[in-house]
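Enquirer: Could you work out the structure for the sequence below:
(chains A and B)
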Amino acid sequence: MPEQLAFTIEVFLNGLMAGVLYALVALGFVLIYKASGIFNFAQGVMALFAAMTLYGIMNGQVPFAHLINAIFGTDIHYFGWSIPAFLSIILTIGVMILLAWMVQRYIFRYLVGQEPIILFMATIGLAYFLEGVGDLMWGSDIKTLDVGLPQGINVAIDEATFGWFGYGFFIDNLDIVASVVAALLVIGLVMFAQYTKQGRAMRAVADDHQAALSVGVSLNFIWILVWSLAGFVALVAGIMWGAKSGVQFSLSLIALKALPVLMLGGFTSIPGAIVGGLIIGVGEKLFEFLIGAPYLGGATENWFAYMLALVFLVFRPQGLFGEKIIERV
Amino acid sequence: MLYREAGDFSTTYSEDSQTFPIKFDRWRYYAVLFVAIFVIPFMINDYWVNSIFMPFLIYAIAAIGLNILVGYCGQVSLGTGGFMAVGAYACYKLMTAFPEVSMFIHVLLAGGITAAVGVLFGLPSLRIKGFYLAVATLAAQFFLVWLFNRVSWFYNYSASGQINAPERDTFGILITGPNTEAWATYMFCLIFTIFSAVVARNLTRGSVGRQWMAIRDMDIAAEIIGVNPLKAKLTAFAVSSFFVGISGALFFAVYLGAVEVGEAFGITKSFLVLFMIIIGGLGSIFGSFAGAAFLVLLPVLLKVIGVDWLGWPTDIVAHLNLVIVGGLIVVFLIAEPHGLAQLWRVAKEKLRLWPFPH
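Expert: Residues are numbered from 1 along each chain as shown, chains lettered A, B, ... in the order given. Coordinates of the predicted model:
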């Protein structure tokens, strides 16, 4: 077994794992886009906000401590307790649901029927707002989130591949956990959409707003539900990315990485988000390994995904699984 | 009272189709120009130029450029930062290669080079629309920044990877480098801003501009009535990138003097300029100015209030800035999706009827 091939397989596997994480963010986009036609740019910041909130709750940080100290001249930072991870995750879900309600109540209720581009820009505004609020609430320092997920090299795979190829693969335990969680999440979401009353209502809204309204589905409730679900997905993504690379501003930029994923998969398809994520993850890792690092000076991961999406779109504008675009005057 | 067209008779076609048909507007415009050219240069110092006037003028050019693409032609672009970087690096290469040539020519050429790059990245717009195009322009943003980071020819193999503007002049007056006069850099930027505004205004009300707007409103219908989408979209990309390139060149050479590409022309710059035209008003030249002024002044104002008066730490003020900008964008979109320019239009409409609105 040549060394080069073993390396390539390892890069391929790592790409798959990274792709799962992209797909996790992309999933949040698809949920909201399907149900309300809003392209939610704030998804990445929601992941950041969720991770920050989780960290803050776990460590008993006082919200807005920095601001309060500046205004009143006090010196408070912590409540002095720490809450177990499981409980904090539930509390954070509560915060995300509250956020979903507020977003619906104070922003998008007023923007029903506006053009998609206006809605998109509103979510950009929301992204900035949330980012500022998150920083004010919990501080902008880099935090390491630890909810007890296994990390580090997976010894079993390392040894097994060493036995087969004479070269041990480095695969992070965290990535394996993330893949399992993402798979469970997708199965859960599909089950929810197929077999529950609310799920069916959600699909009805996605299909046709007016028809759904006329059979008695509450649009308002469904949108809050969808934003809450997106908040939940954001939390999961935030936990995974936060454990991987720390809770910091760059977390919100992975939302941008999720965009080409969506474009490959199509904005309206949940399986598409997963497949798109895997293609992008594998593509950029392999490109960096085979062409970028040796010939182009490295760091091609910054742009490869976008270029791939661009070239791909020129040939298939609706993405892999997107609905065919039919335009009429 | 003063603000109405009554008694202002046009006797020629050119008078009838002038930019400011109302006399009061026209005189106000001349007054603004007069103050900008003959009063401000004699009153300003380095602080005013560097913290308010130059960023305002330069961002106004970028906003006009982006407004042509997004507001007039309806092609959403998130690659402004990348195109500004093209302008900056083109200007740098020209400045170092031809030291004797006037800065005016360098900046204009930098705009031209950016226009060519813009057309290249505008080509996919013929197939891709809406959000898909917005993401496709992200490819331009990230690829260009990466290119200027990695290929050392662009920064003349300097060890730091930064580009520094050498001292260059125009008509014997220093424009770039550390020893410039406040009024000189101000005037240099002002000339380009006025030039951009006048050109953009006249393009957008001519046949090219009408083609852009037809494409924006409905591209298929526009195609049916005989607008060539290839020509309309690519000219929009070219003109837009030209202005954005000029602003990038000025931003680097005149304003900052030294630039690290990822920091100065990153994705946040693209969003900043986009916010300017959203807040100012899509499809309005005045809106580009209003938005640029708003987003340049707001952080300065907040800093003065928060840091200097209240004595808060700077990071809190920076975060508050984010909250306020984000909140304002949402409030604007809810209250007035067409931005400050629409408020201005409504105010003018009210003013014409004042004091007897019925």
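Enquirer: what does the stretch 51-200 of chain B have sitting close to chain A?
Expert: Contacts of the stretch 51-200 of chain B with chain A, taken as Cβ under 8 Å from any Cβ of the partner chain, map to B:76, B:124, B:127-132, B:135-136, B:138-139, B:141-143, B:145-146, B:149-151. (C-beta placed from N, C-alpha, C; glycine too.)
Enquirer: Where does pLDDT dip in the stretch 51-200 of chain A?
Expert: Where the stretch 51-200 of chain A drops to pLDDT under 70, the residues are A:147-159, A:161-169.
Enquirer: separation between the residue lying closest to A:Trp227 once chain neighbours are set aside and A:Val45?
Expert: Nearest residue to A:Trp227, sequence neighbours excluded (Cβ to Cβ, 6 or more residues apart in numbering or on different chains): A:Ala100, at 3.4 Å. Distance of A:Ala100 to A:Val45, given as Cβ to Cβ, to the nearest Å: 14 Å.
Enquirer: These two: who's more crowded?
Expert: Shown here are A:Ala100 and A:Val45; by other Cβ atoms under 10 Å in any protein chain shown, A:Val45 has more neighbours (28 against 22).
Enquirer: ok, the more buried one - contacts?
Expert: A:Leu126, A:Ala127, A:Leu130, A:Glu131, A:Gly134, A:Ser252, A:Ala255 (Cβ atoms under 8 Å, 6 or more residues apart in numbering or on different chains).
Enquirer: with these in mind, which one is nearest to chain B?
Expert: Each of the contacts of A:Val45 was scored against chain B by Cβ to the nearest Cβ, and A:Glu131 proved nearest at 5.5 Å.
Enquirer: Pretty sure the closest one sits against A:Leu48.
Expert: Yes. Using Cβ atoms under 8 Å, A:Glu131 is in contact with A:Leu48, at 7.1 Å.
Enquirer: In helices only, show me the contacts of A:Val45.
Expert: A:Leu126, A:Ala127, A:Leu130, A:Glu131, A:Gly134, A:Ser252, A:Ala255 (DSSP state H).
Enquirer: In ChimeraX, how would I select just the buried ones from those?
Expert: If you want just the buried ones from the ones in helices among the contacts of A:Val45 in ChimeraX, going by 16 or more other Cβ atoms under 10 Å in any protein chain shown, the selection is:
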select /A:126,127,130,131,134,252,255
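Enquirer: between A:Ala100 and A:Val45, what contacts are shared?
Expert: If you check A:Ala100 and A:Val45 against Cβ under 8 Å, 6+ apart, no residue is contacted by both.
Enquirer: returning to that earlier point: regarding the residue nearest to A:Trp227, what is its secondary structure?
Expert: Here A:Ala100 is recorded as helix under DSSP: H, G, I helix; E, B strand; the rest coil.
Enquirer: need the contact list for it.
Expert: For A:Ala100, the contacting residues are A:Ile224, A:Leu225, A:Val226, A:Trp227, A:Ser228, A:Ala230, A:Gly231, by Cβ under 8 Å, 6+ apart.
Enquirer: try 10 Å
Expert: A:Ile32, A:Met46, A:Trp223, A:Ile224, A:Leu225, A:Val226, A:Trp227, A:Ser228, A:Leu229, A:Ala230, A:Gly231, A:Phe232 (Cβ atoms under 10 Å, 6 or more residues apart in numbering or on different chains).
Enquirer: how far away is it from A:Ala273?
Expert: 20 Å.
Enquirer: could I get the contacts of A:Val45 as JSON lines with distance to chain B?
Expert: Below are the contacts of A:Val45 laid out as JSON lines (distance: Cβ to the nearest Cβ, whole Å):
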{"residue": "A:Leu126", "distance to chain B": "6"}
{"residue": "A:Ala127", "distance to chain B": "7"}
{"residue": "A:Leu130", "distance to chain B": "7"}
{"residue": "A:Glu131", "distance to chain B": "6"}
{"residue": "A:Gly134", "distance to chain B": "9"}
{"residue": "A:Ser252", "distance to chain B": "11"}
{"residue": "A:Ala255", "distance to chain B": "11"}
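Enquirer: Next up, the contacts around A:Trp81.
Expert: A:Asn59, A:Gly60 are the contacts of A:Trp81 under Cβ under 10 Å, 6+ apart.
Enquirer: Reduced to three states, what does it come out as?
Expert: coil.
Enquirer: what's the average pLDDT for stretch B:257-277?
Expert: Per-residue pLDDT over stretch B:257-277 has a mean of 86.
Enquirer: Check which residues of it are buried.
Expert: B:259-262, B:264-267, B:269-277.
Enquirer: on that earlier part again, show me which pair in the contacts of A:Val45 is furthest apart.
Expert: A:Gly134 and A:Ala255 (13.9 Å; Cβ to Cβ).
Enquirer: what do these two both touch?
Expert: In contact with both A:Gly134 and A:Ala255: A:Val45, A:Met46, A:Leu48, using Cβ under 10 Å, 6+ apart.
Enquirer: which one of the residues you listed is nearest chain B?
Expert: A:Val45 (9.5 Å).
Enquirer: and B:Phe192, what does it touch?
Expert: B:Phe192 touches B:57-58, B:60-61, B:104, B:107-108, B:111, B:243, B:246-247, B:249-250, B:254, counting by Cβ under 10 Å, 6+ apart.
Enquirer: try 7 Å this time
Expert: B:Ile61, B:Val107, B:Ile246, B:Leu250 (Cβ atoms under 7 Å, 6 or more residues apart in numbering or on different chains).
Enquirer: Off-centre distance for stretch A:102-109?
Expert: 21 Å (Cα atoms, centre = their mean, to the nearest Å).
Enquirer: again with stretch B:107-125
Expert: Worked out by Cα atoms, centre = their mean, stretch B:107-125 lies 15 Å from the chain centre.
Enquirer: Buried residues in that stretch, which are they?
Expert: Neighbour-count burial for stretch B:107-125 flags B:107-115, B:117-119, B:121-125 (criterion: 16+ other Cβ under 10 Å).
Enquirer: Over to stretch B:231-251?
Expert: B:232-251.
Enquirer: touching chain A at all, that stretch?
Expert: No. Using Cβ under 7 Å from any Cβ of the partner chain, stretch B:231-251 stays clear of chain A, coming no nearer than 14.1 Å.
Enquirer: following the longest helix belonging to chain A, which helix or strand comes up?
Expert: Ranked by residue count and defined by DSSP H, the top helix of chain A is helix A:3-36. Where DSSP states H and E defines the elements, the next helix or strand beyond helix A:3-36 is helix A:43-58.
Enquirer: How far off centre is that next one?
Expert: For helix A:43-58, the distance to the chain centre is 12 Å (Cα atoms, centre = their mean).
Enquirer: for stretch A:259-266, same thing?
Expert: 13 Å.
Enquirer: who's in contact with it?
Expert: Counting by Cβ under 7 Å, 6+ apart, A:22-23, A:26, A:29-30, A:272-273, A:275-277, A:279-280, A:305-306, A:308-309, A:312-313, A:318-322, B:132, B:135, B:138 sit against stretch A:259-266.
Enquirer: Please flag which of these sit within strands.
Expert: Members of the contacts of stretch A:259-266 lying in strands (criterion: DSSP state E): none.
Enquirer: all helices for chain A, in order.
Expert: Under DSSP H, chain A gives helices at A:3-36, A:43-58, A:65-72, A:85-103, A:116-138, A:155-165, A:173-195, A:197-207, A:209-214, A:219-245, A:250-265, A:270-287, A:301-315.
Enquirer: quick check, nearest of the contacts of A:Val45 to A:Phe192?
Expert: Using Cβ to Cβ, these come closest to A:Phe192 at A:Ala255, 23.2 Å.
Enquirer: Excluding chain neighbours, what is closest to the closest one?
Expert: A:Gly44 (2.2 Å).
Enquirer: And A:Leu189, by the same measure?
Expert: Nearest one to A:Leu189, counting by Cβ to Cβ, 6+ apart, is A:Ile270 at 6.7 Å.
Enquirer: Contact partners for the one you found?
Expert: A:Leu27, A:Val30, A:Val186, A:Leu189, A:Val190.
Enquirer: one more time with 10 Å, if that's ok
Expert: A:Ile270 neighbours (Cβ under 10 Å, 6+ apart): A:Ala23, A:Ala26, A:Leu27, A:Val30, A:Leu31, A:Lys34, A:Val186, A:Leu189, A:Val190, A:Ala193, A:Phe321.
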